[in-house]
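Novice: Give me the fold of what follows.
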Amino acid sequence: MTNTSQIPAASVECALSASATIRPASPKQAVFSRRLLTVLVVAPIGIAVAATPPAKPAPPAPVPRIVIVQPSANAQFQQTMRQAQLRGQLQQAQVEQQNHQVVRDNSRRPYDNNSQMQQQMDQADAAQQRTDRARQQSIIDRYNTTPPPSGRLVVPANNPPSKPASGG
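Specialist: Below you'll find the model as predicted:
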């Protein structure tokens, strides 16, 4: 063993304090110290969040002004003529379909008693009706896809409207 009288007193005190552990006197004090530590850690964060002002919403985007330029009278006339021509073609196709129906009905009469001939005529009628419908649908599609007259939709840049100068 070492003689403690030869060890300086300051070393003994440091050795004791380094090896000693601090324990709370009771479980209530342990809970209190944990809560106190939590409050001391969380409080600065809460204060920082509360001190931050709320973000301002962005101003709404300006609504662009839209200017519609009317097509020229010539372009309007051409479009009207194209549409009238397509309407005329559709009416003509409908009249032709009616004429085919009359011819079919008249050609069936002599063969009313022949079932084989009736079946062939039914197939021919179905093919003719498909052809007529396809022709009419083609005309309707052309009518619906007729380009509009050369009118343009002009969207100016988002420049704010100029304020009139006050003339005192």
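Novice: Number of residues surrounding Ile139?
Specialist: 20 (other CB atoms under 10 Å). C-beta coordinates here come from the backbone N, C-alpha and C atoms, glycine included.
Novice: pLDDT value on it, please?
Specialist: On the pLDDT scale, Ile139 is placed at 86.
Novice: Next, the buried residues of the helix or strand where it lies.
Specialist: Using DSSP states H and E, Ile139 sits in helix 115-144. Buried residues in helix 115-144, counted by 16 or more other CB atoms under 10 Å: Asp125, Asp132, Arg135, Gln136, Ile139.
Novice: Spit out the contact partners of the spatially closest residue to the first one that is not a sequence neighbour.
Specialist: Of all residues not flanking Asp125 in the chain, Arg104 sits nearest, at 5.4 Å (CB to CB, 6 or more residues apart in numbering). Applying CB atoms under 8 Å, 6 or more residues apart in numbering, one finds that Arg104 lies in contact with Met121, Asp125, Gln128.
Novice: What is the nearest of those residues to Val41?
Specialist: Gln128 (89.5 Å; CB to CB).
Novice: For Gln92, see how far away that closest one is.
Specialist: 16 Å (CB to CB, to the nearest Å).
Novice: What of Val69?
Specialist: Taken as CB to CB, the span from Val69 to Gln92 is 36 Å.
Novice: cool, Pro64 as well?
Specialist: Distance from Pro64 to Gln92, by CB to CB: 46 Å.
Novice: follow-up on the earlier one: let's have the buried residues of helix 115-144 in a markdown table, adding distance to Asn113.
Specialist: Shown next, in a markdown table, are the buried residues of helix 115-144 (distance: CB to CB, whole Å):
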| residue | distance to Asn113 |
| --- | --- |
| Asp125 | 18 |
| Asp132 | 28 |
| Arg135 | 33 |
| Gln136 | 34 |
| Ile139 | 39 |
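Novice: now, among those, which is nearest to Ala55?
Specialist: Ranked by distance to Ala55 (CB to CB), those are led by Ile139 at 59.5 Å.
Novice: Once you drop chain neighbours, what's closest to the closest one?
Specialist: Leu90 (4.6 Å).
Novice: Around the one you found, how many other residues sit close by?
Specialist: Neighbours around Leu90, by other CB under 10 Å: 18.
Novice: That one is in what secondary structure piece?
Specialist: helix 73-108.
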